[in-house]
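Colleague: Kindly generate the corresponding structure for this input.
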Amino acid sequence: MTELASTGVGRRSLLKGASALAAAGVTTGLGIDVLGATGAGASTRGGSHRPVSPPELVPVKDRATGLELIKLPRGFDYTTYGWTGDPMGDGIATPSAHDGMAAFRVRNGRGGHDRRRGRDRELVHIVRNHEQGSLSGAFAEGMTYDPMANGGTSTLVFDTDDGEFVDSWASLSGTIRNCAGGPTPWGSWLSCEETTLVNGAVRHGYVFDVPADGTATGEPLRQMGRFSHEATATDPETNITYLTEDSTPSGLYRFVPKYRHRPTGDGKLQMLAIGDTSYVTYADAGPRDYGRVHWVDVDQPDPGPGETSTVQQGIVAGGAQFERLEGIWYHDRKMYFVTTSGGPFNGQVFSLSLRTGRLELIFSSPGPEVLDAPDNICLSPRGGMILCEDGSGVEYLHGLTQRGQIFRFAENAAVLNGERGFVGDFSGSEWCGATFEPKHGQWLFVNLQSPGITFAITGPWHKLGL
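Modeller: Predicted structure coming up:
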């Protein structure tokens, strides 16, 4: 793993060096201000000044099934749960197309008291999206927006002491293409529809609030905009929610609530603008400091068919256009977000400081061997980033450390020959929904979208700077 200084590296030399390293089997990192570090000599918080070594990935057996589904660094372990079709705790079959997730500590949650051992369990609730996109009918009742739509969410319960899943249930239904979303400071998951489909008199393209300890009402948060949503991240100091849009052109939005104590009530939708910069990510190889940003209002956040879209309203007002914005995550007064198709080689990471209002491009993929089309992202409590890859060929989870080092952390090796009722090579299925348990960050929860499997991964994260 090699670091390149953030100053004095031109675009051509950066790409030439990265290509040579990739050909030699070495992953590439940029010694730039990534996740709180300050240049090539920076260290991870409380860690060593030495860079970590790129890990060898080896096949590891699933503790639940005995199958070798993924490859991980030595010392890491995992278990799976909630395969497509498995009955959940409420008797409903697990929907397919697993996608974005977030994990929450919930006091006295379902399954909280272990009668066998006479103790309270240390439980985590994980709310999981299902990016189903048909009008074949809702998979659950009582939490339903559109009875014809088959997308939604389910909620899982994980015992961190015993390292096992203990419960699950349907928590939102009647939605379309629930791709990503984000956790909130008020203990819920904002589940987002990646569509603007209209089913008769029912519009889709909204955000839904799903409490981590129960079920949703099925009512959309129309004030957060109607567009092809991807992910959200909420600033816990202001309850302002930042939203990405998976389309081209796309905008980076924020929803500013009128009253902080009512963060999903009345408010204003705005789109990020950068001086007179119209296009942000089409050619930049990075790193780049775009300076201070400002925000322009989107006057009609809930446009109907034939009306001006939110992104076009923002562009007319001076908003900046991105290319397929996807994952976004809050950490230490910064918003980190990615463009799946941005830059010369499909993949960029940006940082927006909530303290200074400055936008920076902090990493741009020098080639698909290093990073190919990042999608969902998350940060660990230690500040390391996990990027879910949605490119071509075999798919990987990548780690990005505070030193700016990027490396492959997990390889999709799922080939099934009738196990659990599935047949085929699923190694090209995208990784989705990476999220760490919030207390200690010792468990990473993540999905393979097809055939639809949820993983809980644990191991010596500190050795990798994650």
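Colleague: Okay, helices next: where are they in this protein?
Modeller: 11-23, 310-316 (DSSP state H).
Colleague: What about the closest residue to Ile126 other than its chain neighbours, how many residues nearby?
Modeller: Distance criterion CB to CB, 6 or more residues apart in numbering; nearest residue to Ile126, sequence neighbours excluded, is Leu156 at 4.4 Å. Backbone N, C-alpha and C define where each C-beta goes, glycine included. Around Leu156 there are 25 other residues, counting by other CB atoms under 10 Å.
Colleague: Also Ala317?
Modeller: Using other CB under 10 Å: Ala317 sits among 15 other residues.
Colleague: quick one, what contacts it?
Modeller: By CB atoms under 8 Å, 6 or more residues apart in numbering, the contact set of Ala317 is 271, 273, 296-298.
Colleague: okay, and for the stretch 101-250 of the chain, where does confidence drop off?
Modeller: Scanning the stretch 101-250 of the chain for pLDDT under 70 picks out 107-120.
Colleague: Report the central residue of the chain.
Modeller: In the chain, the residue lying closest to the centroid (CA atoms, centre = their mean) is Asn376, at 2.8 Å.
Colleague: can I assume it is in contact with Tyr336?
Modeller: No: between Asn376 and Tyr336 there is no contact under CB atoms under 8 Å: 12.0 Å.
Colleague: Against which helices or strands is the longest strand anywhere in the chain packed?
Modeller: Ranked by number of residues, the top strand in the chain under DSSP state E is strand 164-175. Applying 3 or more CB pairs under 8 Å, 6 or more residues apart in numbering; DSSP states H and E, we find strand 164-175 packed against strand 77-81, strand 151-159, strand 188-193, strand 207-211.
Colleague: So for Phe455, which of the ones you listed sits nearest?
Modeller: With CB to CB as the criterion, Phe455 lies closest to strand 77-81 of these, at 5.2 Å.
Colleague: which other residues reach the closest one?
Modeller: 60, 62-65, 69-70, 72, 156, 163-165, 168, 453-459.
Colleague: Return the alpha-carbon coordinates of stretch 409-429 using CSV.
Modeller: Taking C-alpha atoms only, stretch 409-429 is exported to CSV below (Å, rounded to 0.1, in the frame of the first residue of the first chain):
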residue,chain,number,x,y,z
PHE,A,409,-11.4,-5.6,2.6
ALA,A,410,-13.8,-8.2,1.5
GLU,A,411,-14.4,-10.2,-1.7
ASN,A,412,-17.8,-11.5,-2.8
ALA,A,413,-17.1,-15.2,-3.5
ALA,A,414,-20.7,-16.5,-3.3
VAL,A,415,-21.2,-19.4,-5.7
LEU,A,416,-24.2,-21.6,-4.8
ASN,A,417,-25.2,-25.0,-6.1
GLY,A,418,-28.7,-25.4,-4.6
GLU,A,419,-27.7,-24.4,-1.0
ARG,A,420,-30.6,-22.5,0.6
GLY,A,421,-32.5,-23.0,-2.7
PHE,A,422,-30.2,-20.8,-4.8
VAL,A,423,-28.1,-21.8,-7.8
GLY,A,424,-25.6,-19.6,-9.6
ASP,A,425,-22.5,-17.5,-9.4
PHE,A,426,-23.4,-14.4,-7.3
SER,A,427,-19.9,-13.0,-7.0
GLY,A,428,-20.9,-10.1,-9.3
SER,A,429,-23.7,-9.0,-7.0
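Colleague: Tell me how many other residues crowd Asp62.
Modeller: 18.
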